[in-house]
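S.K.: Would you be able to build a 3D model of this:
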Amino acid sequence: MRINRYIAASGVTSRRKADELIANGRVQVNGRPAQAGMTVGSDDRVTVDGKEIRPREDRVIIAFNKPPGITSTSDPGRRDNIIDFINYPRRIFTVGRLDRDSRGLILLTDDGSLAHQIMHSSNKNEKEYQVTVDRPLTDAFLSQMEKGVRIGGRTTLPARAWRSGERSFHIVLCQGMNRQIRRMCEALGYQVTDLVRVRIMHITLGSLAEGTYRELTFKERQDLDHLLQQAKSGRP
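M.R.: Predicted coordinates:
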């Protein structure tokens, strides 16, 4: 791919402006100044003003069904780290976290800007969980989970929650405090026995088998970019 097209495909600027960036020495390929008209491939590292870029269509975005016992870290010192477990052929990292005891949907990507936008709490990105607890639910419990629960000196933001069984419920959050659902339940006298994240924004776990991953579909990628752009601009 021509270098100016590569830059334009990353969303940084147009091809014409990309040529200006190259001429001004602001683009490097594998640590060396880029040359107008040169071609680059997926194995090349392209930076603009020191920031690595990648064409949007070449971004890695995968949905992984994390088993319990796997830690959402890239630390090679942890034998249970998620990166070694997945063993993806390119360098990727998690978008947010899912605690070690929990299971379900987690996204991974090689696009740092994308990860930041998804994780940024001001974007109000929904995350849905299916939760099982150690004793029958009460209406008062569900009502309090929706209104907010005092944990760690803070009250959690309002949420949506509904019963799915005698001891199970779904809850939709727009924030991500550490072990939030487990701590909310504990504060109300319940213990979580199973916690599964089933949705992040419009991306669902579906029938994805535990311990496996899939690439996001073209439509999911399109919708993701659209939702993040809406959030960035402040539109509903």
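S.K.: By residue count, which helix of this protein is the longest?
M.R.: Once the chain is assigned using DSSP state H, the helix that runs over the most residues is helix 218-233.
S.K.: In terms of secondary structure, what does that one contact?
M.R.: Using 3 or more C-beta pairs under 8 Å, 6 or more residues apart in numbering; DSSP states H and E as the contact test, the elements touching helix 218-233 are helix 112-119. Any C-beta I mention is one placed from the backbone N, CA and C, and that applies to glycine too.
S.K.: and the helix it packs on, what's its mean pLDDT?
M.R.: The pLDDT scores in helix 112-119 average 80.
S.K.: how far does it sit from the chain's center?
M.R.: Chain-centre distance of helix 112-119: 7 Å, with C-alpha atoms, centre = their mean, to the nearest Å.
S.K.: Tell me the buried residues in the following helix or strand past it?
M.R.: Once helix 112-119 ends, the next helix or strand along the chain (criterion: DSSP states H and E) is strand 127-133. Buried residues in strand 127-133, counted by 16 or more other C-beta atoms under 10 Å: Lys127, Glu128, Tyr129, Gln130, Val131, Val133.
S.K.: Would you format these as a markdown table with pLDDT and distance to Ser72 included?
M.R.: As requested, these are arranged in a markdown table below (pLDDT from 0 to 100; distance: C-beta to C-beta, whole Å):
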| residue | pLDDT | distance to Ser72 |
| --- | --- | --- |
| Lys127 | 95 | 14 |
| Glu128 | 97 | 18 |
| Tyr129 | 98 | 15 |
| Gln130 | 98 | 18 |
| Val131 | 98 | 18 |
| Val133 | 98 | 23 |
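S.K.: Just grab the bridge partners of Pro33 for me.
M.R.: Beta bridges link Pro33 to Gln28 when assigned by DSSP bridges.
S.K.: quick one: contacts for the residue nearest the centre of the chain?
M.R.: Nearest to the centroid of the C-alpha atoms of the chain, with distances taken as C-alpha atoms, centre = their mean, sits Val95, at 3.2 Å. For Val95, the contact set (C-beta atoms under 8 Å, 6 or more residues apart in numbering) comprises Ile106, Leu107, Leu108, Thr109, Leu114, Ala115, Ile118, Met119, Ile200.
S.K.: This completes my enquiry, with thanks.
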